[in-house]
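S.K.: fold the following for me, if possible:
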Amino acid sequence: MDSTELLVIGAGPCGLAVGVAAKQAVLSCVLLDRRTIVSTIERYPLGMTFFSTPERIEIGGVPFISSHEKPTRKDGLLYYRRVAEHFELDIRPGEEVVDVRRDGEAGFRVEVRRPHDARTYLADAVVFATGHYDNPNFLGISGEDLPHVTHYFTEGHPYWRRRVVVIGAGNSSVDAALECWRAGAAVTLVHLGEGFDRTVKPWVLPDIVNRVKEGSIAVRWRSRVRAISPTNVEVISDASGEVECLPTDAVLAMTGYHADTALLRRLGVPIDSATGIPSHDERTMATTVPGCYLAGVIASGNDANRLFIENARGHGELIVRDIREKTRTRR
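M.R.: The predicted structure is shown next:
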């Protein structure tokens, strides 16, 4: 059984920032991740570029050197690996946290599942930095679990000469639609609204607008997918009520993601029913359970666009400062 002063669940950029702050404060810290370091970035589309310029997503004072104004997925993977190596962070990939509970007054008992066994950790404090990318927003329609339906997009090549329906009109949907079309797919985009989301990257928006205008990419505005079969997608228009069956080889349901707060609830952290935000103090990122903290997008509830690397990378410093102050007070 391992013991540590601080245990971080999730080794994304914000989890790493917690680890760096702990290292600088000489706190023992272990970071666990069910997949691997920055696994969300690893699962981004291969050609993805960040919204931010490099200096705005740096952590630990380590310069982020990129050959482009906005770094790519590959740049990000390399940078965050180097940060972890530079600070010699104790990151343990392939360890999935299945339970966290108070262990008397001493701290927390964390149960972990690994590929071939299980492990238990004891920690004085825990940080939930689990993000949201592991949990797609499902549509709740028949056929959503068919093998040709996915909530993640990697690259356009597999969809060459395929008929692809892309659900949504945000960044993920737009990137998927454009890449599939450029790879030779016949693309139809289906969206509830009357246009593209306001959050679509400004340097990408003219491209998708022009592809739609010229008819290269088809769109069904004010429409929703009602059912999916192995060969068709059933689309209903909210405007007219008309139902259309689109012959389809692949469905990319880019419907967003949400944080999994089940472990927090079980631990006793209240979750706001309207916003999905776990109860916490934004000055310290401390929850209402003593010794339990939040870092990154999990603190933003249902609005995953409220927190991202730029404005959440400082959570680690807030958390570690609070831990040290409370430790001094107890002494």
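S.K.: for the stretch 201-331 of the chain, which segments count as helices?
M.R.: 205-213, 262-267, 309-312, 315-330 (DSSP state H, counting those that start in this stretch).
S.K.: got a pLDDT number for residue 330?
M.R.: With respect to pLDDT, residue 330 has a value of 65.
S.K.: which phi and psi does residue 136 have?
M.R.: Residue 136 adopts backbone torsions of phi -70, psi 150, taken as degrees, to the nearest 10.
S.K.: ok, now residue 115?
M.R.: Per-residue torsions, residue 115: phi -50, psi -40 (degrees, to the nearest 10).
S.K.: swap in residue 279?
M.R.: phi -60, psi 120.
S.K.: now do the end-to-end distance for stretch 13-32.
M.R.: Start-to-end span of stretch 13-32 (C-alpha to C-alpha, to the nearest Å) is 13 Å.
S.K.: how big is the angle separating the top strand by length along the chain from helix 315-330?
M.R.: Assignment by DSSP state E gives strand 118-128 as the longest strand of the chain. Comparing the axes of strand 118-128 and helix 315-330 via axes from the mean of the first three to the mean of the last three C-alpha atoms, to 10 degrees yields an angle of 100 degrees.
S.K.: by contact count, what packs against strand 118-128?
M.R.: strand 2-9, strand 29-33, strand 108-113, strand 292-294, helix 315-330 (3 or more C-beta pairs under 8 Å, 6 or more residues apart in numbering; DSSP states H and E). C-betas here are computed from N, CA, C, even on glycine.
S.K.: ok and it relative to strand 29-33, angle-wise?
M.R.: Going by the same axes, to 10 degrees, strand 118-128 makes 100 degrees with strand 29-33.
S.K.: may I have strand 118-128 exported as CSV, CA atoms only?
M.R.: Taking Å, rounded to 0.1, in the frame of the first residue of the first chain, the C-alpha atoms of strand 118-128 are listed here in CSV:
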residue,chain,number,x,y,z
ALA,A,118,-5.6,-3.8,-8.0
ARG,A,119,-3.8,-1.4,-5.7
THR,A,120,-4.7,0.9,-2.7
TYR,A,121,-3.2,4.3,-1.9
LEU,A,122,-3.4,6.4,1.2
ALA,A,123,-3.3,10.1,0.7
ASP,A,124,-3.5,13.2,2.9
ALA,A,125,-5.3,15.1,0.1
VAL,A,126,-6.8,14.2,-3.3
VAL,A,127,-7.3,16.3,-6.4
PHE,A,128,-9.9,15.4,-9.1
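S.K.: distance from it to the middle of the chain?
M.R.: 22 Å (C-alpha atoms, centre = their mean, to the nearest Å).
S.K.: over to stretch 324-331?
M.R.: 33 Å.
S.K.: repeat that for stretch 138-152.
M.R.: With C-alpha atoms, centre = their mean as the basis, stretch 138-152 stands 19 Å off its chain's centre.
S.K.: measure it end to end?
M.R.: OK, stretch 138-152 end separation, C-alpha to C-alpha: 12 Å.
S.K.: check stretch 194-204 too.
M.R.: The first and last residues of stretch 194-204 sit 18 Å apart, counting by C-alpha to C-alpha.
S.K.: what's it in contact with?
M.R.: Residues from elsewhere that reach stretch 194-204, judged by C-beta atoms under 8 Å, 6 or more residues apart in numbering: 51, 169-171, 174-175, 178, 205, 208-209, 221-222, 305.
S.K.: go on, stretch 92-103?
M.R.: 9, 11, 30-37, 108-115, 119, 122, 126, 263, 266-267, 289, 292.
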